[in-house]
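K.L.:
structure, please.
(one chain, ligands or ions: 1)
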Amino acid sequence: MSVAPSPWPKRLLAPDETGPSQLETAVTAMLRRAQFARWYGAVNRLRGRQRAVIVMYHSFTPGGWGAIPPSTLRWHLELLRELCDVVPLTRLAVALANREPTDRMVSLTVDDGYEDFFTVAYPILSELRLPATLFVPTGFIGGQSEWYRRPRALLRIASASLLRELDPGLVSVGSHSVHHRPLARLPVAALEHEARRSKSDLESLLGVPVTLFAYPFGGRGAYDDAATAVLRAAGFQAAVTTRWDTYSAARELLRLPRVWFAATDDPGDVQAKLAGDFDWLNERELVAHLLRSTFTHVRNSAPVRAIKRTRSSLARR
Ligand SMILES: [Zn+2]
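P.N.:
Numbering: from 1, shown residues only. Below is the predicted model:
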């Protein structure tokens, strides 16, 4: 397997497309010496969790979110085919539900349904016969990625006829909601619409059941228990987040974690991410999320609001 260096100059890459920061690499190296992945895995298995490696991609066009150049995608996929058993996400979900061995399994997911999936990823996936899931926000089919703030490039989303051309034996289409907005704290009626409408629209478009979902934005703050309950009631089998982890469990089928690669990752980085050496990022995200929600909670609490009111009334005098 030959590994070509990325043909894209680094300055073209947005911050979220650069590889792990120096600090992350240093922490990971330290944890690797401490055999972090082994004891993290042991703890997860004690908690009834098992390996569940789901790789997330977005775009393959410069300026797109998390963009991966075509030549990089090719060596990623060749490496995955060599090292792992690449299975459809539905297969991994069934294995998790039945507690079958999942150690070698990897599932591929691509969010947003950009046209570049068809021009870049689909030909390589077809050539290598690797299954993948494409998550499409149905309100934007044939439109553009308007949910991103400028200056990020607007990318075209695949049209209905392009989506119909996909080989259903190779690519499953999943829902990425209707409007691509965070689902947390949405009223139930809006949640129902995002889940059920996107599912039924895709099903009538493609003529196959749609059982997979990807939460828009996908971080811990982008979904909640109500959203998960609505997905379950709507008949989704599995849903993916952007929480980082290589372990999951049957009870987490509707909020599965994922991992992703940066355009600047080398094969060593990719293998380390697959092996779980970066799984400590999950705990870091959890701590950040708890701090954020505590801060929001305190800021909105009655005593703090009373202090603010007093301050502003004093200022007006
Ligand atoms: Zn998205």
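
K.L.:
compute the distance between Gln237 and Leu96, please.
P.N.:
For Gln237, the distance to Leu96 (Cβ to Cβ, to the nearest Å) stands at 11 Å. C-betas here are computed from N, CA, C, even on glycine.

K.L.:
next, show the common contact partners of those two.
P.N.:
Shared contacts of Gln237 and Leu96, defined by Cβ atoms under 8 Å, 6 or more residues apart in numbering, are found at Leu253.

K.L.:
those two: who's more crowded?
P.N.:
Leu96 (23 against 19; other Cβ atoms under 10 Å).

K.L.:
OK, contacts around the more buried one?
P.N.:
Here Leu96 is in contact with 50, 52, 102, 248-250, 252-253 (Cβ under 8 Å, 6+ apart).

K.L.:
mind redoing it with 7 Å?
P.N.:
50, 52, 102, 248-250, 253 (Cβ atoms under 7 Å, 6 or more residues apart in numbering).

K.L.:
can you give me the strands in the stretch 101-250 of the chain?
P.N.:
Taking DSSP state E, counting those that start in this stretch, the strands of the stretch 101-250 of the chain run over residues 105-111, 132-136, 171-175, 212-214, 238-244, 247-248.

K.L.:
out of those, nearest to Val304?
P.N.:
Ranking the strands of the stretch 101-250 of the chain by proximity to Val304 (Cβ to Cβ) places strand 238-244 first, at 29.2 Å.

K.L.:
can I get the CA coordinates of that closest one in CSV?
P.N.:
Coordinates of the C-alpha atoms in strand 238-244 are reproduced here as CSV (Å, rounded to 0.1, in the frame of the first residue of the first chain):
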residue,chain,number,x,y,z
ALA,A,238,-29.5,3.0,15.4
ALA,A,239,-28.4,6.6,15.6
VAL,A,240,-24.9,8.1,15.5
THR,A,241,-23.5,11.1,17.3
THR,A,242,-20.2,12.9,17.1
ARG,A,243,-19.1,11.7,20.6
TRP,A,244,-15.6,10.2,20.2
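
K.L.:
residues touching that strand, excluding its own?
P.N.:
Outside strand 238-244, the residues touching it (Cβ under 7 Å, 6+ apart) are 54, 56, 89, 93, 109, 212-215, 218-220, 223, 231, 253-259, 278, 281-282, 285.

K.L.:
what of stretch 111-128?
P.N.:
With Cβ under 7 Å, 6+ apart as the criterion, stretch 111-128 contacts 56, 58-61, 64, 70, 73-74, 77, 81, 110, 132, 134-137, 145, 155-158, 162, 170-171, 176, 214.

K.L.:
go on, stretch 54-63?
P.N.:
Outside of stretch 54-63, the residues within contact range by Cβ under 7 Å, 6+ apart are 8, 12, 64-68, 70, 73, 89, 106-112, 114, 116, 120-121, 152-153, 155, 240, 242, 256, 258-260.

K.L.:
cool, stretch 31-41 as well?
P.N.:
Contacts of stretch 31-41 (Cβ under 7 Å, 6+ apart): 275-277, 279-280.

K.L.:
and which of these is nearest to Arg181?
P.N.:
Nearest to Arg181 among the contacts of stretch 31-41, counting by Cβ to Cβ, is Asp279 at 28.8 Å.

K.L.:
what pLDDT does the model give that closest one?
P.N.:
At Asp279, the predicted lDDT confidence score is 90.

K.L.:
and what of Gly221?
P.N.:
On pLDDT, Gly221 comes in at 89.

K.L.:
OK, contacts around the nearest residue to Ala249 once chain neighbours are set aside?
P.N.:
The shortest distance from Ala249 to any residue other than its chain neighbours is 4.4 Å, reached at Arg49 (Cβ to Cβ, 6 or more residues apart in numbering). By Cβ under 7 Å, 6+ apart, the contact set of Arg49 is 247-249.

K.L.:
hmm, who's touching the helix or strand of the chain with the lowest mean pLDDT?
P.N.:
Counting by mean pLDDT, DSSP states H and E, the chain has its least confident helix or strand at helix 302-316, which shows a mean of 74. For helix 302-316, the external contacting residues (Cβ under 7 Å, 6+ apart) are Val298.

K.L.:
most neighbours among the contacts of Arg49, which one?
P.N.:
Busiest of the contacts of Arg49 [other Cβ under 10 Å] is Ser248, holding 26 neighbours.

K.L.:
show me what contacts the nearest residue to that residue once chain neighbours are set aside?
P.N.:
Nearest residue to Ser248, sequence neighbours excluded (Cβ to Cβ, 6+ apart): Ala52, at 3.7 Å. By Cβ under 7 Å, 6+ apart, the contact set of Ala52 is 92, 96, 102, 246-248, 256.
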